[in-house]
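Chemist: Output the structure for:
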Amino acid sequence: NMITATERTTLNNAFVAYKAAISDYSQRVLEAQNGITGALSEEITDAANDAATALSNYQNTVSGLLTALEDGILSDAERTGYANWLNVIARDKSEIQASYQLLYDNTRVNATLKANLLAAKIALYGSDWTAGAYATLVTAINAVVTNGDNLITATERTTLNDAFVAYNAAISTYSQRVLE
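Modeler: You can find the predicted model right below:
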């Protein structure tokens, strides 16, 4: 049960769409941050819509990745897909880190919003950007793709699924905090 060329193309297209949506989202967050006036601006509304689209694309991609593992065999194409996924979330982390600092340092963002943003960032990336749901997901993916064989146990599949769910929840919460 290897991944077909069509499935690989679908997966790659989902990654491309996800990367574009996250990049657009990050840019819009920066634009919204520069125009914060205390009222919900058009930029923030657009950023919220972009975040929802990116999250939907992310959920579809994750669903496809997890479905591919149901046969208990990790093909070379699936292994490559997960390696690509690691690159995507690492790049997203860099973009989020840059926008986080701009938002957190903005003097027009009140203390409560900063505290909520910080808590969401810690859940997603830890206090030093190396922990949280992100690190758990990276560890789970690495355990699957570097286990030395092409078999995936039910435990590995469950661990990976749980890590994706936790990462999904953390990035969703973080996105909500950014838009507050």
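
Chemist: Please count neighbours and contacts with C-alpha atoms only from this point.
Modeler: Will do.

Chemist: Let me see the mean pLDDT of stretch 117-131.
Modeler: What stretch 117-131 shows for mean pLDDT is 90.

Chemist: Only the buried residues of the one helix or strand Arg91 maps to, if you could.
Modeler: Counting by DSSP states H and E, the element that carries Arg91 is helix 76-105. Of all the residues in helix 76-105, those buried under the rule 16 or more other C-alpha atoms under 10 Å are 78-79, 81-82, 85-86, 88-89, 92-93, 95-96, 99-100, 103-104.

Chemist: Please apply the same query to stretch 137-148.
Modeler: 137-138, 140-142, 144-145.

Chemist: Please report how far the residue nearest to Asp92 when sequence neighbours are not counted lies from Tyr82.
Modeler: Spatial nearest neighbour of Asp92, chain neighbours left out: Ile22 (7.0 Å); criterion: C-alpha to C-alpha, 6 or more residues apart in numbering. According to C-alpha to C-alpha, to the nearest Å, Ile22 and Tyr82 sit 18 Å apart.

Chemist: Next: Thr130.
Modeler: Shown here: Thr130 relative to Tyr82, a distance of 19 Å by C-alpha to C-alpha.

Chemist: what comes into contact with stretch 111-125?
Modeler: Outside of stretch 111-125, the residues within contact range by C-alpha atoms under 8 Å, 6 or more residues apart in numbering are 104, 127, 129, 131-135, 167, 170-171, 173-174, 177-178, 180.

Chemist: Farthest-apart pair in those residues, please.
Modeler: Ala135 and Glu180 (25.4 Å; C-alpha to C-alpha).

Chemist: higher neighbour count, these two?
Modeler: Ala135 (17 against 13; other C-alpha atoms under 10 Å).

Chemist: how about the more buried one, what does it touch?
Modeler: Residues Tyr125 are the ones in contact with Ala135 under the rule C-alpha under 8 Å, 6+ apart.

Chemist: what helix or strand is it on?
Modeler: helix 132-145.
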